[in-house]
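>>> Any chance you could fold what I've pasted below:
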Amino acid sequence: MKDREIIHLNKNIMFPDLKGRQDSGVIAFGGDLSVGRLLEAYSKGIFPWYDQHSPILWHSPMERCIFEIDDLIVSHSLKHKLKKNTFTFTFDNHFRQIMQICALIKRKGEIGTWIFQETVDAYTQLFEAGYAHSLEVWYNGKLAGGLFGVSLGKAFFGESMFHSVTDASKAALVFLFDFLKKNDFHFVDAQMHTDHLQSMGARVITRDEYLKKLEFALKEKTLRGNWDEYISRRDDAPKIYGGSHKNG
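All right, here's what the predicted structure looks like:
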């Protein structure tokens, strides 16, 4: 197989081995968003990203933006706000709603969204299988922000986030990283570099370096199921960040 060859997926065609490849980042197109296909993609360092005018495009950029679990930068003002229990948090209470809101958020420098009804349906199935998760941020009893992503082994693949209250999405990251650190996760995959992510502690590594880190993380057991039930029975739930919040 030649470098830069983009694979047309079907039921009998799998994703290629990416080690040592040199290409633009689009690895394949077509296929479907079944649970099996998505799990295969993430386990090989590949993720779907496309628009309504194109087939499903599968990406693995030559440079990958990641957070090491201990490297999240939290400003003094945010630390102060978190200590005042301004926000409360839940995992996996409103997964589909979080995805739907993320699809509607207008983002600077971006046109449209990669999250469509088929995407919401597909990732909801991944959520129901115990591999995808949402984090909800609450302010005065109302949903103020959130994020969703995929968990395999000891890697978390962040997909999208939003906020309607200042600092709610940043607070979500703090709570998420606190949880991941307690559960011995290795890194958070932020996929594409932005100045904002870099300002919060993300760094860029090569695809080959990323694949080595991913391979190591996937040797560990995946923390499947509803993460909110998991933190609610832990004595060391991060109370400094508001603890968990049961909505309704």
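>>> Could I get the buried residue list for stretch 171-183?
Neighbour-count burial for stretch 171-183, counted by 16 or more other C-beta atoms under 10 Å, picks out 171, 172, 173, 174, 175, 176, 177, 178, 179, 180, 183. All C-beta atoms are positioned from the backbone trio N, CA, C, and that covers glycine.
>>> Then stretch 202-222?
With burial defined by 16+ other C-beta under 10 Å, the residues of stretch 202-222 counted as buried are 202, 204, 207, 210, 211, 213, 214, 217, 218, 222.
>>> want to throw the residues you listed into JSON lines with distance to residue 89, pLDDT and secondary structure?
Converted to JSON lines, the buried residues of stretch 202-222 look like this (distance: C-beta to C-beta, whole Å; pLDDT from 0 to 100; DSSP: H, G, I helix; E, B strand; the rest coil):
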{"residue": "202", "distance to residue 89": "21", "pLDDT": "92", "secondary structure": "coil"}
{"residue": "204", "distance to residue 89": "29", "pLDDT": "95", "secondary structure": "strand"}
{"residue": "207", "distance to residue 89": "33", "pLDDT": "94", "secondary structure": "helix"}
{"residue": "210", "distance to residue 89": "28", "pLDDT": "96", "secondary structure": "helix"}
{"residue": "211", "distance to residue 89": "32", "pLDDT": "96", "secondary structure": "helix"}
{"residue": "213", "distance to residue 89": "27", "pLDDT": "97", "secondary structure": "helix"}
{"residue": "214", "distance to residue 89": "27", "pLDDT": "98", "secondary structure": "helix"}
{"residue": "217", "distance to residue 89": "24", "pLDDT": "98", "secondary structure": "helix"}
{"residue": "218", "distance to residue 89": "27", "pLDDT": "98", "secondary structure": "coil"}
{"residue": "222", "distance to residue 89": "22", "pLDDT": "97", "secondary structure": "coil"}
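>>> Let's have those residues in TSV, adding distance to residue 130.
As requested, the buried residues of stretch 202-222 are exported to TSV (distance: C-beta to C-beta, whole Å):
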residue	distance to residue 130
202	27
204	30
207	28
210	24
211	24
213	23
214	19
217	17
218	16
222	8
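>>> Closest to residue 127 out of these?
Lowest distance from residue 127 to the buried residues of stretch 202-222 (C-beta to C-beta) belongs to residue 222, with 13.4 Å.
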